[in-house]
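Asker: I need the structure of the sequence given here:
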Amino acid sequence: GRSTKERSVASQALELAITSNVGMPYKIFHQVTEPLMSAQRDVLDESALFFSAGGNKRGSLPASTPMPMPARQALLYSSDEWGATDRFRIEYSASPPSEQKAGIYRGNISFRVESRSPFVPQEVINVPVSIEIEPIFSLETSSEEGSGLQFGAFRPGRPAQERRVSLKVRSNLGQAY
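Answerer: Below you'll find the predicted structure:
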């Protein structure tokens with residue numbers, strides 16, 4: 001997804017369809033195995049990544065409310081006692097901090113299935129992840145008297161008039177301006 005000034009949270013869904021007749025329980029674990037990194041080697045803090053899951057019919061999921069994405073292997077799904085077929089949806093979201101440098105960040109989330117059944121493959125499935133953080137550069141001004149600089153009538157011989165203006169810069173470009 002894409003994070004912009006107007007939309008600070010980017011999200012994307014992944015649907016898992018499991019076809020199984022192994023006759024015993026299995027578990028699915030997930031984790032961020034490759035941190036999200038830009039071409040300039042900037043890293044997106046993992047605390048900005050969240051997930052929620054739902055839609056399962058047979059097994060159990062941790063929660064339907066957003067949870068932080070685990071940096072270490074964590075349980076995502078537990079099947080029923082017969083290891084039945086199931087389907088569920090995982091909604092991933094990224095909410096980068098406003099000071100996060102603009103760029104395209106890429107990494108991997110991995111999934112691993114664990115079971116005592118010899119028929120369950122022990123492979124790790126890597127899913128590539130990409131988030132684009134749009135460049136932001138804005139300048140906000142404010143003055144002591146509200147909007148604009150009002151000096152009134154200037155008359156020669158009178159003391160100079162001063163007004164203060166505050167400038168607020170929001171930038172995620174990571175370079176001098």
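
Asker: which SSE is the spatially closest residue to Arg170 that is not a sequence neighbour in?
Answerer: Nearest-residue entry for Arg170: Ser138, 4.7 Å, with adjacent residues in sequence omitted and distances by Cβ to Cβ, 6 or more residues apart in numbering. Where C-beta positions appear, they are placed from N, C-alpha and C, glycine not excepted. Assessed by DSSP states H and E, Ser138 sits inside strand 137-143.

Asker: That strand - contacts with which helices or strands?
Answerer: strand 165-171 (3 or more Cβ pairs under 8 Å, 6 or more residues apart in numbering; DSSP states H and E).

Asker: quick one, what contacts Lys57?
Answerer: Taking Cβ atoms under 8 Å, 6 or more residues apart in numbering, we find Lys57 in contact with Asp86, Arg87.

Asker: Off-centre distance for the strand holding Ser138?
Answerer: Put simply, strand 137-143 sits 27 Å off its chain's centre (Cα atoms, centre = their mean, to the nearest Å).

Asker: got it, and stretch 135-147?
Answerer: Chain-centre distance of stretch 135-147: 28 Å, with Cα atoms, centre = their mean.

Asker: what pLDDT, on average, does it get?
Answerer: For stretch 135-147, mean pLDDT rounds to 80.

Asker: Would you mind writing the CA trace of it as PDB?
Answerer: Output of stretch 135-147 as PDB, limited to C-alpha atoms (Å, rounded to 0.1, in the frame of the first residue of the first chain):
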ATOM      1  CA  PRO A 135       7.200  12.400   0.100                       C
ATOM      2  CA  ILE A 136       5.800  15.200   2.400                       C
ATOM      3  CA  PHE A 137       7.000  18.800   2.400                       C
ATOM      4  CA  SER A 138       4.700  21.400   3.800                       C
ATOM      5  CA  LEU A 139       5.200  24.900   5.300                       C
ATOM      6  CA  GLU A 140       2.600  26.300   7.800                       C
ATOM      7  CA  THR A 141       2.700  29.900   8.900                       C
ATOM      8  CA  SER A 142       1.000  31.600  11.800                       C
ATOM      9  CA  SER A 143       1.300  35.100  13.200                       C
ATOM     10  CA  GLU A 144       0.600  36.600  16.600                       C
ATOM     11  CA  GLU A 145      -2.500  38.400  15.400                       C
ATOM     12  CA  GLY A 146      -4.100  35.600  13.500                       C
ATOM     13  CA  SER A 147      -3.900  35.500   9.700                       C
END
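
Asker: Quick check: the gap between the most centrally placed residue in the chain and Phe51.
Answerer: Closest residue to the average C-alpha location of the chain: Ala94 at 1.1 Å, with Cα atoms, centre = their mean. Per Cβ to Cβ, to the nearest Å, Ala94 is found 10 Å from Phe51.

Asker: mind listing the strands for this structure?
Answerer: 2-3, 10-21, 26-37, 49-54, 67-68, 74-78, 84-94, 103-115, 124-133, 137-143, 165-171 (DSSP state E).
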